[in-house]
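Novice: pasting the sequence and the predicted model now:
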Amino acid sequence: MKIIVVGGGASGLARAYCRAKKGHKVTVVERAPACGKKLLATGNGRCNYFNSDMSLRHFHSSGGENPGGIITAENLDRLKNLYSEIGIVPTVKDGYWYPRSQQAVTVLNSLKRACKTAGAEIVCDTEITDISNKDGKFLLNGKFYADKVIICTGSPAYYKKENCLTYDFAKKFGHRVHAVKPALVRLCSDDRILKTVSGVRTNGEIALCDKNGVIRSQNGEIQFTDYGVSGICTMILSREYKDGVFAQINLVGDLAKTAAEFKKFFAEYGRAQNCTVGDILDSVLNYKLSNAVCSRLKISPDTPFFRFDKRAADDISKEVTAFRLNITGTKGFDFAQTVSGGVSLCEIDSRTMQSKKQKGLYFCGEALDLDGDCGGYNLTAAFLTGMLAGESV
């Protein structure tokens with residue numbers, strides 16, 4: 001059986017190895033000069049490829065389709081066996097799995113070595129721009145024939161959007177593609193306050209909201225930049241971006257969950273220390289944030305606490321626990337780690353990754369309408385779907 005894997009990323013290489021070790025003729029076709037460029041960049045070059053917490057709440061589908069048929073306990077156990085089989089030695093920190101070497105190149109080399117040992121051929125610097133099927137055979141670029149084709153061409157994330165043909169291939173064979181947007185990406189804002197707080201990091205809670213309320217919230221380190229906000233918790237929320245949303249940030253989420261709680265702290269600290277409003281805020285916030293809060297409310301940070309009235313204390317407490325930034329967009333595909341949206345899961349057999357529209361055609365990895373939070377979830381989805389396609393073809 002002749003099998004062509006289009007795309008030499010994590011998903012494609014995993015799929016190629018699983019099939020080649022069973023004796024089939026497998027060719028991986030990669031458009032770049034070398035395989036795994038994006039894999040090398042994951043986890044800041046350390047490659048967080050798995051997580052001890054594989055709850056479905058960390059996986060998402062823009063079409064509202066349940067990925068539970070793919071992310072199962074049995075499949076995850078098989079995936080861990082695959083990691084061991086190809087020689088990846090893990091080290092686990094706070095549930096995050098990394099290669100023991102702390103280098104992404106170790107994972108890539110393990111995949112490439114496994115493919116070579118199993119007999120898979122890897123062809124680089126070759127872009128597949130057309131796929132057709134006639135009489136049960138696939139024809140690629142008008143000259144390559146295959147019995148089975150596995151699309152592992154990734155997404156526009158990290159690459160130029162116009163160079164991604166994944167969804168063109170899917171639509172050609174009648175697949176529905178849910179709107180593809182940048183995910184795990186920084187958020188942008190045109191709020192002038194950012195000029196004064198750029199470079200500040202704080203632990204708190206950030207929520208993405210619209211006129212109906214909170215869409216989703218996350219706790220963690222929030223990073224203010226000159227263009228907006230960043231940090232892992234912010235990037236997790238980015239898949240929810242749409243026109244009209246804004247960010248609401250509790251700058252002291254570990255200290256006070258509500259404005260009422262912070263107001264109590266404010267009063268107790270002020271009475272005990274006999275200090276200014278600025279002194280109270282500086283005790284829990286970076287001074288740039290402290291000044292920004294006072295500036296927004298037109299309150300002098302030098303105001304003595306004993307001169308502060310109840311209404312002003314209410315305003316301070318609300319601002320600290322619900323610091324608002326309008327959101328104008330994301331940093332875009334070139335800065336995104338992955339995307340939300342993609343080929344509808346309803347049109348894919350979750351056991352095999354085979355298209356329900358075209359026999360012998362498979363979709364894996366970022367081509368699918370399946371994305372995860374930061375923490376190894378997207379690489380897990382890539383490896384897992386590649387494995388399922390490889391073991392089933």
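Specialist: Good, I have the coordinates.
Novice: please list all residues in contact with residue 35.
Specialist: Residues counted as contacts of residue 35 (CB atoms under 8 Å, 6 or more residues apart in numbering) are 8, 9, 12, 13, 28, 108, 112, 122, 124. Any C-beta I mention is one placed from the backbone N, CA and C, and that applies to glycine too.
Novice: which of the residues you listed fall in strands?
Specialist: Assigned to strands by DSSP state E, the following of those qualify: 28, 122.
Novice: closest one to residue 332 out of the contacts of residue 35, please.
Specialist: Comparing these against residue 332 with CB to CB places residue 9 closest, at 20.2 Å.
Novice: thinking again about what came up before, can you select the buried ones among the contacts of residue 35 for me in PyMOL?
Specialist: Selecting only the buried entries of these in PyMOL, with 16 or more other CB atoms under 10 Å as the criterion:
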select buried, resi 8+9+12+13+28+108+112+122
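Novice: specify which member of the contacts of residue 35 is nearest to residue 347.
Specialist: Using CB to CB, the contacts of residue 35 come closest to residue 347 at residue 12, 20.2 Å.
Novice: what's the neighbour count on the nearest residue to that closest one once chain neighbours are set aside?
Specialist: Leaving out its chain neighbours, the residue that sits closest to residue 12 by CB to CB, 6 or more residues apart in numbering is residue 152, at 3.5 Å. Residue 152 has 31 neighbouring residues, counting by other CB atoms under 10 Å.
Novice: assess the claim that residue 152 and residue 368 are in contact.
Specialist: No - in this structure, residue 152 is not within contact of residue 368 by CB atoms under 8 Å, at 10.2 Å.
Novice: still on that earlier bit, export the contacts of residue 35 to JSON lines and tack on pLDDT?
Specialist: Converted to JSON lines, those look like this (pLDDT from 0 to 100):
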{"residue": "8", "pLDDT": "94"}
{"residue": "9", "pLDDT": "93"}
{"residue": "12", "pLDDT": "94"}
{"residue": "13", "pLDDT": "96"}
{"residue": "28", "pLDDT": "97"}
{"residue": "108", "pLDDT": "96"}
{"residue": "112", "pLDDT": "96"}
{"residue": "122", "pLDDT": "96"}
{"residue": "124", "pLDDT": "95"}
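Novice: please narrow the contacts of residue 35 to those residing in helices.
Specialist: Among these, DSSP state H puts 12, 13, 108, 112 in helices.
Novice: quick check: the first one touching residue 150?
Specialist: Yes - in this structure, residue 12 sits in contact with residue 150. The criterion is CB under 8 Å, and the distance is 7.1 Å.
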